[in-house]
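>>> When you get a sec, could you give me coordinates for this:
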Amino acid sequence: EAMASLGQRIIDTLAQPFVVGRQQIRLGVSVGIACEPGPDATPELLLEQADRALYRAKREGRGRMRFFAPELDAVVEQRRQLELDLARAPEQGELRLVYQPQLDLPTGRVVGVEALLRWHSPSRGLVNPVDFIPLAERSGLILPIGAWVIDRACWQARDWRDRGLTLPVSVNVSAVQLRQPQFADELGRSLARHALDPAALCV
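This next block holds a predicted model:
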């Protein structure tokens, strides 16, 4: 109870806005807590368990506090392994784009396509985007993966044009990518690299 009270005080205190210069700053904090599990517990073990509790708190949103529980071990380990595998996926050639047609309903004519990211893992098979996209956003992996998606979509649009098929390609972009100041420059470089008119790509 004492640790829970202290953890909540930390969350509440750091949630209060403060002023730096003319800017009002707000922070969010998450807290992970580990209790001494026995006489053989080491500081390293406690830190590792607190870190796993913190990982769970962050996953559930800001301003959360979680205690370590043994069942967290398996869940956190699975998430960490998934993150490690996802980090290697682009260089291993495991990512693919599939293209969903966009139709003009009155005529039934295909007027564009939407690029959708798929991950074919050798050990997991086809991984549901619901399982790996949020993980990519939380870990920051969405930045290199998102850059790959845009470049690959531009390559495909160029290839289709060279074959006489002119279809605008739509690409979904994470808010994490949009917050990066270099996003527009990276987008421009991909368009230029594939000699693609900007009108060919819908972000």
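>>> all strands for the chain, in order.
Per DSSP state E, the chain carries strands over the ranges 18-20, 23-25, 31-33, 65-67, 95-104, 109-121, 125-127, 169-171, 201-202.
>>> can you redo these as JSON lines with distance to Arg9?
Heads up, the C-betas are built off the backbone N, CA and C, glycines and all. Below are the strands of the chain laid out as JSON lines (distance: least, CB to CB, whole Å):
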{"stretch": "strand 18-20", "distance to Arg9": "16"}
{"stretch": "strand 23-25", "distance to Arg9": "19"}
{"stretch": "strand 31-33", "distance to Arg9": "10"}
{"stretch": "strand 65-67", "distance to Arg9": "10"}
{"stretch": "strand 95-104", "distance to Arg9": "44"}
{"stretch": "strand 109-121", "distance to Arg9": "42"}
{"stretch": "strand 125-127", "distance to Arg9": "40"}
{"stretch": "strand 169-171", "distance to Arg9": "45"}
{"stretch": "strand 201-202", "distance to Arg9": "48"}
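>>> Between these, which one is closest to Ala41.
For the strands of the chain, proximity to Ala41 was assessed by CB to CB; strand 31-33 is nearest, at 13.9 Å.
>>> Check which residues of that closest one are buried.
Residues Val31, Gly32, Ile33 are the ones in strand 31-33 that count as buried (16 or more other CB atoms under 10 Å).
>>> Throw the strands of the chain into a markdown table and include mean pLDDT, thanks.
Converted to a markdown table, those look like this (pLDDT from 0 to 100):
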| stretch | mean pLDDT |
| --- | --- |
| strand 18-20 | 88 |
| strand 23-25 | 88 |
| strand 31-33 | 93 |
| strand 65-67 | 90 |
| strand 95-104 | 96 |
| strand 109-121 | 95 |
| strand 125-127 | 93 |
| strand 169-171 | 97 |
| strand 201-202 | 95 |
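>>> For Trp148, find the nearest of those strands.
strand 95-104 (6.6 Å).
>>> By mean pLDDT, which helix or strand of the chain comes out lowest?
In the chain, no helix or strand scores lower on mean pLDDT, DSSP states H and E than helix 71-88, which sits at a mean of 80.
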